[in-house]
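Engineer: sequence plus predicted model, see below.
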Amino acid sequence: MKFIAIMGHEETRPMVRGLFRRFQVHMFSNVSIRGCNCDRKEGAQQPWWPSDEMIGTYSSLCFAVLDDDKADAIMEELERNPIAVDRDFPARAFLMNVEKTA
């Protein structure tokens, strides 16, 4: 068994769900993420942003536990056809072995 997690812009969530459906994989869950690049760089802060942090980005993390062959097929599909609303920032996929479940 494998654990696959796909993270991309919030707008990619329907595309990821569609990918899982195409491969007949039931998505276990999804999580909305407000990310932040908090490394202060000189001149990088927007003068209208009311904090000393960079503007956050909103992402989605969808994940599932699935058979090895489906996990490999999904990873190959993502390599051929990246999911993205902005070509410079395609969704990222992480694939891990599942040793145990309880």
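Structural biologist: That came through fine.

Engineer: which elements pack onto the helix or strand of the chain with the lowest mean pLDDT?
Structural biologist: Here the helix or strand of the chain ranked lowest by mean pLDDT, DSSP states H and E is strand 29-35, holding a mean of 83. Secondary structure elements in contact with strand 29-35, counted by 3 or more CB pairs under 8 Å, 6 or more residues apart in numbering; DSSP states H and E, are strand 57-66. In this view, the C-beta of every residue, glycine as well, is placed from N, C-alpha and C.

Engineer: so what's Arg17 closest to, chain neighbours aside?
Structural biologist: Met27 (6.3 Å; CB to CB, 6 or more residues apart in numbering).

Engineer: still on that earlier bit, for the least confident helix or strand of the chain, output the C-alpha coordinates as CSV.
Structural biologist: Taking C-alpha atoms only, strand 29-35 is exported to CSV below (Å, rounded to 0.1, in the frame of the first residue of the first chain):
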residue,chain,number,x,y,z
SER,A,29,-9.3,13.6,2.9
ASN,A,30,-8.2,17.1,1.9
VAL,A,31,-6.9,20.0,3.9
SER,A,32,-6.8,23.7,3.1
ILE,A,33,-3.4,25.3,3.9
ARG,A,34,-2.5,28.9,4.4
GLY,A,35,1.2,28.9,3.7
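
Engineer: run through who's touching it.
Structural biologist: Met7, Glu10, Arg13, Val16, Gly56, Thr57, Tyr58, Ser59, Ser60, Leu61, Cys62, Phe63 (CB atoms under 8 Å, 6 or more residues apart in numbering).

Engineer: in this structure the second one contacts Ser59, no?
Structural biologist: The reference is to Glu10. Yes - taking contacts as CB atoms under 8 Å, Glu10 lies within contact range of Ser59: 6.2 Å.

Engineer: measure Phe89 to Ser59 for me?
Structural biologist: 10 Å (CB to CB, to the nearest Å).
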